[in-house]
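# how does the following fold in three dimensions:
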Amino acid sequence: KNGLLLMPTAKVTKNVSAATGGGNVLCSTLISIKTKAWLYSFRLLKEYCENEGFKGWDPYDGLNSKVFQALPFLKKSAICRLVVIQGFKRCPVNLRRLALVPKEYNAKGIGLFLSGYCNLYNAVKANPKLAESLGSPDSLKSRINELAELLISLQSKGYSGACWGYNFDWQARRLFLFPKFTPTVVASNFCATALMEAYEITREKRFLEIALSAAHFVINDLHRTEYKDGFLFSYSPLQGNDTVFNASLLGSRLLSFCYKYTGNEEYCELAEQSIKACCSGQKPNGAWVYGMLPVQSWVDSFHTGYNLDALIAYQELTGDNKYRKYIEKGFEYYIQNFFEANGMPKYYDNRTYPIDIHCPGQLLVTLARLHKIEEYKEIAEKVIDWTIRNMQDRKGYFYYQLKPGISSKISYMRWSNAFIFNAMSHYLLAE
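Down below sits the predicted model:
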């Protein structure tokens, strides 16, 4: 009702064909009508993000409020911090302007944008007709250099290697407080591998050198929790939140990419130890709970996708195929339990809401990385069509979450826009 409705096919043909240089789209084998419709949606998103300078708000940035910062007695209370964060996150009305929360860069968001522009560059090189819609190779390469330099400037300082965190204090329930810029293995994986992608296009060795140093962060600054025949990497260098499966697997993913470039066997060996532990934690039906703490026992869509992405990266980059069955079993559970027949994505395996933008976005990434887009093209098309119709604003940005009652339609740069930008770029590249 309030989102961006896909135009009727005839109108898509007229408008989007003009945007991509004209031509007989009904006969075009280079860019299908369906792809042109998605290009229209993607261009609105791309223009929105570029006009915002890639800065924005985040669901979890409530503690950046200058009003809250001016009340130091509140900052010392875990309950107060949690109430502020959850209040801003859950409120369907954006209170950030009133509370003086500034729009800022988020390192993970910039990493996602950088990776996305690398995908666009490769898509245009493979299909020059896309240049009129996505930009010329030169303009895209210029943007890649710009974002890579920005990402490097956003590193967290004082650690063994390159690493990245978030631009806000983050209270996870009452258990953990992550001060602003505390590096996490999740953010560092997205950022370091994006710099590697940028290196492949620009051949700027500094990008690769900084990215490869992230292996030292994983090895030296994260701690390890023994589990079954291996161990789990911690979420961050801080104590607590040590047994999250997707975080440990993304640590393995990052080490696997570093192994690709260096041939350092230690990276491969440590990555496998984490892989072993996380595969041991997979349920017989193929599912993974989020983590091993009692409060982390849910099974959700996009973290399952993270797990699969990490496993396929390890397999392809190291040549070790021993864990293929876990990928196959995990993917079967993923594709069967998180998407309705009409394309509506689900957050949890046992219930639908909230419908989070990460859920449809991660499907496109996972299908691309597991080389399954052609096989599951029908469900992918239904999911992306549903998402554009229901979760894209007419201004171009995507909504955070839909709920049965009042939904949050606030524009969040990292969580919503950077993530779906990256996801759609994967699909456009695969097309």
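# quick one: end-to-end distance for stretch 167-186.
When the termini of stretch 167-186 are compared using Cα to Cα, to the nearest Å, they are 14 Å apart.
# now do it, average pLDDT.
Averaged over stretch 167-186, pLDDT sits at 85.
# do stretch 297-316 as well
Computed over stretch 297-316, the average pLDDT equals 98.
# now do the buried residues in that stretch.
Across stretch 297-316, burial judged by 16 or more other Cβ atoms under 10 Å covers 299-315. C-beta here means a position set from N, CA and C on the backbone, and glycine is covered the same way.
# next one: stretch 219-238
Buried residues in stretch 219-238, counted by 16+ other Cβ under 10 Å: 219, 221-222, 224, 227, 230-238.
# now do it: everything it contacts.
Stretch 219-238 has contacts (Cβ atoms under 8 Å, 6 or more residues apart in numbering) with 159-161, 163, 165, 176, 178, 182-186, 218, 239, 241-245, 247-248, 251-252, 255, 266-267, 270, 272-278, 280-281, 292.
# the closest residue to residue 39 other than its chain neighbours: neighbour count?
Leaving aside its sequence neighbours, residue 39 sits nearest to residue 133 (Cβ to Cβ, 6 or more residues apart in numbering; 5.1 Å). Using other Cβ atoms under 10 Å, residue 133 is surrounded by 21 other residues.
# before we move on, what about residue 171?
22.
# you'd agree it is in a strand?
Yes: assessed by DSSP: H, G, I helix; E, B strand; the rest coil, residue 171 belongs to a strand.
# from residue 356, how far off is it?
From residue 171 across to residue 356, the span is 20 Å (Cβ to Cβ, to the nearest Å).
# just residue 103 next, same as before
Using Cβ to Cβ, residue 103 is found at 21 Å from residue 356.
# which of the two has more residues huddled nearby?
Between residue 103 and residue 356, residue 356 has the larger neighbour count (other Cβ under 10 Å), namely 25 against 18.
# what's the helix or strand harbouring residue 141 packed up against?
Using DSSP states H and E, residue 141 sits in helix 137-153. Contacts defined by 3 or more Cβ pairs under 8 Å, 6 or more residues apart in numbering; DSSP states H and E place helix 137-153 against helix 107-126, helix 185-202, helix 205-212.
# of the ones you listed, which is nearest residue 388?
Closest to residue 388 of the helices and strands packed on helix 137-153 is helix 107-126 (Cβ to Cβ; 16.7 Å).
# any idea which helix or strand comes after that closest one?
helix 131-134.
# which neighbouring elements make contact with that following helix?
Under the contact definition 3+ Cβ pairs under 8 Å, 6+ apart, helix 131-134 sits against helix 9-19, helix 33-51, helix 107-126.
# the strands in the stretch 251-400 of the chain, which residues?
Using DSSP state E, counting those that start in this stretch, the strands of the stretch 251-400 of the chain run over residues 355-356.
# what ranges in it fall below the confidence cut-off?
For the stretch 251-400 of the chain, applying pLDDT under 70 flags no range at all.
# measure stretch 82-102 end to end?
19 Å.
# actually, stretch 290-305.
Length of stretch 290-305, first residue to last, Cα to Cα: 12 Å.
# could you do stretch 281-298 as well?
Stretch 281-298 end-to-end distance (Cα to Cα) = 13 Å.
# tell me the buried residues in it?
For stretch 281-298, a neighbour-count test (16+ other Cβ under 10 Å) marks 281-282, 286-291 as buried.
# contact partners for residue 245?
Residues counted as contacts of residue 245 (Cβ under 8 Å, 6+ apart) are 232, 278, 281, 288-292, 303, 307.
# of these, which is the nearest to residue 200?
Nearest to residue 200 out of these is residue 307 (Cβ to Cβ; 24.8 Å).
# hang on, that closest one packs against residue 247?
No: in this structure residue 307 lies outside contact range of residue 247 using Cβ atoms under 8 Å: 10.2 Å.
# alright, that wraps it up for me.
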